[in-house]
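Enquirer: Test case, fold it:
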Amino acid sequence: MGALVWLLIPLMAGIVAGLWGSWAARTRKVRSDGPELDGYARFREAMEKSHSGT
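Expert: Numbering: from 1, shown residues only. So this is what the prediction gives:
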């Protein structure tokens, strides 16, 4: 019976990991990459301005 309990621990961990993975993928679809790309564009513009004076 003890061996059965030890086998249930990784099984439950796998189920929890699968549920968390599906939840994490679901929330990523809702959020777009717009703000991150805008920030990167501002960073590139700032870097180009700082090098143009030298």
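Enquirer: Tell me the helix or strand right after the longest helix along the chain.
Expert: Determined from DSSP state H, the single longest helix within the chain is helix 2-30. Using DSSP states H and E, the helix or strand that follows helix 2-30 towards the C-terminus is helix 34-52.
Enquirer: chain center to that following helix, what's the gap?
Expert: Centroid separation for helix 34-52 versus its chain: 23 Å, with Cα atoms, centre = their mean, to the nearest Å.
Enquirer: and the gap between residue 8 and residue 44?
Expert: In this structure, residue 8 and residue 44 are 52 Å apart, going by Cβ to Cβ, to the nearest Å. Placement of C-beta: from N, CA and C, glycine included.
Enquirer: and if you look at residue 22?
Expert: Distance from residue 22 to residue 44, by Cβ to Cβ: 35 Å.
Enquirer: ditto for residue 16
Expert: Separation of residue 16 from residue 44 (Cβ to Cβ) stands at 40 Å.
Enquirer: Could you list every helix and strand in contact with the helix or strand of the chain with the lowest mean pLDDT?
Expert: Across the helices and strands of the chain, mean confidence by mean pLDDT, DSSP states H and E is lowest for helix 34-52: a mean of 83. Applying 3 or more Cβ pairs under 8 Å, 6 or more residues apart in numbering; DSSP states H and E, we find helix 34-52 packed against no helix or strand.
Enquirer: Now do it: everything it contacts.
Expert: Under the contact criterion Cβ atoms under 8 Å, 6 or more residues apart in numbering, helix 34-52 has no outside partners.
Enquirer: Alpha carbons of it, as CSV, please.
Expert: Extracted in CSV, the C-alpha atoms of helix 34-52 (Å, rounded to 0.1, in the frame of the first residue of the first chain):
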residue,chain,number,x,y,z
GLY,A,34,2.1,45.3,-28.2
PRO,A,35,3.4,47.0,-25.0
GLU,A,36,6.7,44.9,-25.1
LEU,A,37,7.3,45.7,-28.8
ASP,A,38,6.6,49.4,-28.2
GLY,A,39,9.1,49.5,-25.3
TYR,A,40,11.7,47.8,-27.5
ALA,A,41,11.1,50.3,-30.3
ARG,A,42,11.6,53.2,-27.8
PHE,A,43,14.8,51.5,-26.5
ARG,A,44,16.2,51.2,-30.0
GLU,A,45,15.4,54.8,-30.8
ALA,A,46,17.2,55.9,-27.6
MET,A,47,20.2,53.8,-28.4
GLU,A,48,20.4,55.3,-31.9
LYS,A,49,20.2,58.8,-30.5
SER,A,50,23.0,58.3,-28.0
HIS,A,51,25.4,57.0,-30.7
SER,A,52,24.6,59.5,-33.3
